[in-house]
Every structure is written in C-alpha cells, then in structure tokens.
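# Build the 3D model from these lines:
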Amino acid sequence: LAAHLGMAVATYGTLVYTGLGILSVPHDAAAATSASSKLQQLVQSLPSSAMAHARKLRVGAVGVTGLTFATILSGAFVAGNDAGNAYNTFPKMNDQWIPREDMVDPSLEPRWRNMFETTATVQWNHRVLGTSTAVSALTLAGLGLAHPAARSAVTPQARRGLQVLGGVAVGQMSLGVVTLLNYVPLGLAAAHQLGSLAVLTSGVYVAHSLRYASPALLRGAVRKAVTSATSGGVGKGAPAMAIKAAAK
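Presented below is the predicted three-dimensional model:
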C-alpha cells in the first residue's frame with residue numbers, strides 16, 4: 001500500500017514540476033531564448049546576499065516537499081494498520097507524549113517491523129512527521145516573506161507560493177487533528193488525503209518558482225557572462241569580473 005501510494009505521489013509531483021516548466025517556457029523559439037536570457041539577467045542583477053537567501057529558500061522548499069512526501073507515506077501505514085482508530089486524543093496519546101509501553105510488540109521479529117506494524121509507533125511517527133511538516137512550512141514561509149533579504153530575493157510568484165504553502169500546511173495539520181478526534185470518518189479522511197496533495201503541490205510550486213536560484217542556472221549565467229566578456233575582446237581580467245558579476 002505504501003509503495004503504491006509513494007509511486008503515485010512521486011509521479012504526480014514530477015508531472016506538476018514538469019508541467020510548470022512547460023507552462024513557463026514560450027512555444028516560440030525566439031521568445032524562449034528571450035525568456036531564458038531574462039532569467040539569467042535576473043540572476044546577474046541580484047546582489048550576492050539576495051542570491052544566497054534565495055538558494056536557502058529553494059533548499060528549504062525542496063526539504064519541505066520531501067518531508068511532506070515522507071508524511072504521506074507514513075499516512076499509508078496509519079491507514080493500513082487502522083491506527084487512526086486508536087489514541088484519539090491530541091496532542092498527547094492517551095495522556096502520554098510517547099506511549100513507550102505500546103510502541104514495541106515483543107512478538108514481532110525482527111524488531112524493525114514495529115516501525116510499520118505497531119499501532120502506537122505508526123501513529124506517533126505520523127504525528128511527528130505531520131507536525132514537523134507544518135512547522136517547517138511555516139518557518140520557510142516566514143523566512144521567505146518577513147526576512148529583510150527576502151525583499152530583493154523573492155519574486156512575486158515565489159511570494160504567493162510561500163503564502164499558500166504556509167496556509168495549506170497549517171490547514172492540513174488542523175484537518176488531521178480533527179480527523180483523529182472524530183475517529184477517522186470517511187469524508188474527513190478523504191479530505192485529509194487531498195490536503196496532503198495540496199501541501200505537496202505548494203512545495204513543488206515554491207521550489208519551481210525559485211528555480212532562478214538553482215546551481216545549474218547560476219552556472220549557465222556564469223558561462224554566458226564569461227563568453228560575452230571573452231568574445232568582446234576585453235582584457236584578461238574581464239572573465240573573472242564577469243564571474244563575480246554573475247554570482248552576485
């Protein structure tokens with residue numbers, strides 16, 4: 001069940017990222033070249049502090065997306081073990097933060113199977129991963145929207161994505177808590193699954209909107225700057241100056 005869901009989610013995320021890339025590239029070859037040139041000009045125009053912040057945000061967006069993927073997989077184990085019908089309290093699990101006595105079944109061999117087949121362990125893992133995803137998404141949104149360096153580092157597209165990501169992550173965690181407290185009714189459970197895809201989609205969107213901070217694009221900007229400086233017949237120090245300008 002978890003492997004099947006994981007493959008489906010991975011395929012969905014790849015299609016979303018690829019589709020965003022296709023939509024952002026004009027079909028006309030000349031327009032596509034112009035768009036690529038403008039993106040590289042954006043990279044060269046940003047100061048080094050802004051580029052460094054944008055790169056951190058992109059790494060954070062990829063991390064939040066990966067954490068969301070792990071949380072979705074852990075939800076498959078919750079569903080497969082009917083773990084949502086136990087410990088229907090929050091934030092504690094029946095007055096305990098960590099129900100140690102229930103998390104290891106001595107009859108299960110090897111012991112690592114408890115991570116995937118014991119109700120208490122499976123649900124605790126999902127709680128921790130879900131809370132970590134929501135907190136990470138909110139932190140990323142805060143860094144991308146409120147940090148002083150974000151004013152010049154974040155484009156309007158990325159800003160909108162960060163706002164949505166923070167909102168849907170909080171909403172998804174709240175929906176998960178409500179689903180647990182109500183003993184997992186089918187409607188809420190289905191909405192909770194759709195919510196996980198909303199968080200994943202938002203993370204992919206933010207990572208794509210910050211693609212101008214990707215190392216590959218930066219290397220392309222550096223190569224273009226060096227080529228322009230060299231072909232222009234300028235002095236020996238020009239390529240080094242071009243590299244510094246592209247890295248800013």
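
# Please make it C-alpha for all contacts and neighbour counts, starting now.
Fine.

# May I ask which helix or strand encompasses the residue most central in space within the chain?
Centroid check for the chain by CA atoms, centre = their mean gives residue 65 as the closest residue, at 2.4 Å. When elements are assigned from DSSP states H and E, residue 65 belongs to helix 48-80.

# circling back to that earlier point, touching, the residue nearest to the centre of the chain and residue 208? I think so.
No. Shown here, residue 65 and residue 208 do not form a contact pair, counting by CA atoms under 8 Å, at 11.4 Å.

# returning to what we had before: check which residues of the helix holding residue 65 are buried.
Using 16 or more other CA atoms under 10 Å as the burial criterion, the residues of helix 48-80 that qualify are 48, 50-80.

# cool, and stretch 93-106?
Applying a neighbour-count criterion of 16+ other CA under 10 Å, the buried positions in stretch 93-106 are 93, 99, 103-105.

# Point out where this structure drops to low pLDDT.
Within the chain, the ranges that satisfy pLDDT under 70 run 25-47, 215-248.

# so how far is the helix holding residue 65 off the chain centroid?
Average the C-alpha atoms of helix 48-80, do the same for its chain, and the two points are 3 Å apart (CA atoms, centre = their mean, to the nearest Å).

# Could you point out the helix or strand that follows that helix?
Sequence order places helix 100-103 as the next helix or strand after helix 48-80, per DSSP H and E.

# Report the distance from the very next helix or strand once past that following helix to the chain centre.
Beyond helix 100-103 on the C-terminal side, the first helix or strand identified by DSSP H and E is helix 114-117. Taking CA atoms, centre = their mean, one finds the center of helix 114-117 at 26 Å from the center of the full chain.

# Counting neighbours, what do you get for residue 8?
Other residues lying near residue 8 total 12 when counted by other CA atoms under 10 Å.

# element containing it, please.
Element membership for residue 8, per DSSP H and E: helix 2-24.

# angle of that helix against helix 48-80?
Going by axes from the mean of the first three to the mean of the last three CA atoms, to 10 degrees, helix 2-24 is angled at 140 degrees with respect to helix 48-80.

# now for helix 2-24, which elements pack on it?
Using 3 or more CA pairs under 8 Å, 6 or more residues apart in numbering; DSSP states H and E as the contact criterion, the elements in contact with helix 2-24 are helix 48-80, helix 186-209.

# For the last one, list the C-alpha coordinates in CSV.
Once side chains and other backbone atoms are set aside, the C-alpha atoms of helix 186-209 remain, and they are given as CSV (Å, rounded to 0.1, in the frame of the first residue of the first chain):
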residue,chain,number,x,y,z
LEU,A,186,-14.5,8.6,5.6
GLY,A,187,-15.3,12.1,4.4
LEU,A,188,-12.6,13.7,6.7
ALA,A,189,-10.1,11.0,5.8
ALA,A,190,-10.6,11.7,2.1
ALA,A,191,-10.2,15.4,2.6
HIS,A,192,-7.1,14.8,4.7
GLN,A,193,-5.6,12.9,1.8
LEU,A,194,-6.4,15.6,-0.7
GLY,A,195,-4.9,18.1,1.7
SER,A,196,-1.6,16.3,1.6
LEU,A,197,-1.5,16.7,-2.1
ALA,A,198,-2.3,20.4,-1.7
VAL,A,199,0.8,20.8,0.6
LEU,A,200,3.0,18.8,-1.8
THR,A,201,1.8,20.8,-4.8
SER,A,202,2.5,24.0,-3.0
GLY,A,203,6.0,22.9,-2.1
VAL,A,204,6.7,21.9,-5.7
TYR,A,205,5.4,25.2,-6.9
VAL,A,206,7.7,27.2,-4.5
ALA,A,207,10.7,25.1,-5.5
HIS,A,208,9.9,25.7,-9.2
SER,A,209,9.3,29.5,-8.7
